[in-house]
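Asks: Just the structure for this:
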Amino acid sequence: MKKITSLLLAVAIVTGVAAALARTSPRTDAQAAVQSAAEPTSPTAKEIRGASPYVELENEKPPKLIVDPPLPEGLAIGVVWIQWRVENVNVVPVFGKGSLHVSPRVGHLHIHVDDVGWWWADASNINTIDLAGMRPGPHKIRIELVNSNHEPFPGQSRTVSFTIPNRAASSRSTEGRE
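Replies: Down below sits the predicted model:
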């Protein structure tokens, strides 16, 4: 009986000390919630996705195009994967002069391969350009960020140079023959 009484007394003392410490804590639960909301552990939706389409932006920052080098995993098999992202513009399939005045601004990409006379528009916002079937050797792809009327945003063109290895062509020619 004395052991049980001693054990209950010890539990009561520990519980009392814990309760006293909790009451003397300088932060209340409300303060902790405010501080937690003020210091998010993850970026906000606006920081990642950009401005809401429901609010007109005044003095928008200039658009910016960021392009990575081709992924080496693709080049090794004769496929070109180039990742990209934009800032201060939404890449969407909206075209024409009427959409030049929307806020937040909209645009798309023009993709030029090896200085040929044609290009294609990409308004998918998938974030990766995907090309296959290119011959071995050196190549370059120019990526332009353009507005909805196909006019380039100043300074927002990037050229990526790369080489398709010879072994990539030989691995493609043997596919499906086994």
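Asks: Strands of the protein, residue ranges please.
Replies: 64-67, 79-87, 90-91, 106-113, 119-122, 128-132, 137-147, 152-164 (DSSP state E).
Asks: Break this protein down into its domains, please.
Replies: Domain assignment of the chain by automatic domain parsing yields the ranges 2-38, 61-173.
Asks: Deepest-packed of the ones you listed, please.
Replies: With neighbours defined as mean count of other C-beta atoms under 10 Å, the domains of the chain peak in mean count at domain 61-173, which reaches a mean of 15. Every C-beta, even on glycine, is put in place using the N, C-alpha and C of the backbone.
Asks: for the record, mean pLDDT for that domain?
Replies: On average, the pLDDT along domain 61-173 is 93.
Asks: so which of the domains of the chain gets nearest residue 46?
Replies: Smallest distance to residue 46 across the domains of the chain (C-beta to C-beta): 10.9 Å, for domain 61-173.
Asks: How far away from the center of its chain is the closest one?
Replies: 15 Å (C-alpha atoms, centre = their mean, to the nearest Å).
Asks: Also stretch 45-58?
Replies: Relative to the centre of its chain, stretch 45-58 is centred 15 Å away, using C-alpha atoms, centre = their mean.
Asks: still on that earlier bit, got the strands of the chain as a markdown table, with distance to residue 58 columns?
Replies: Formatted as a markdown table, these follow (distance: least, C-beta to C-beta, whole Å):
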| stretch | distance to residue 58 |
| --- | --- |
| strand 64-67 | 19 |
| strand 79-87 | 17 |
| strand 90-91 | 17 |
| strand 106-113 | 17 |
| strand 119-122 | 29 |
| strand 128-132 | 33 |
| strand 137-147 | 18 |
| strand 152-164 | 19 |
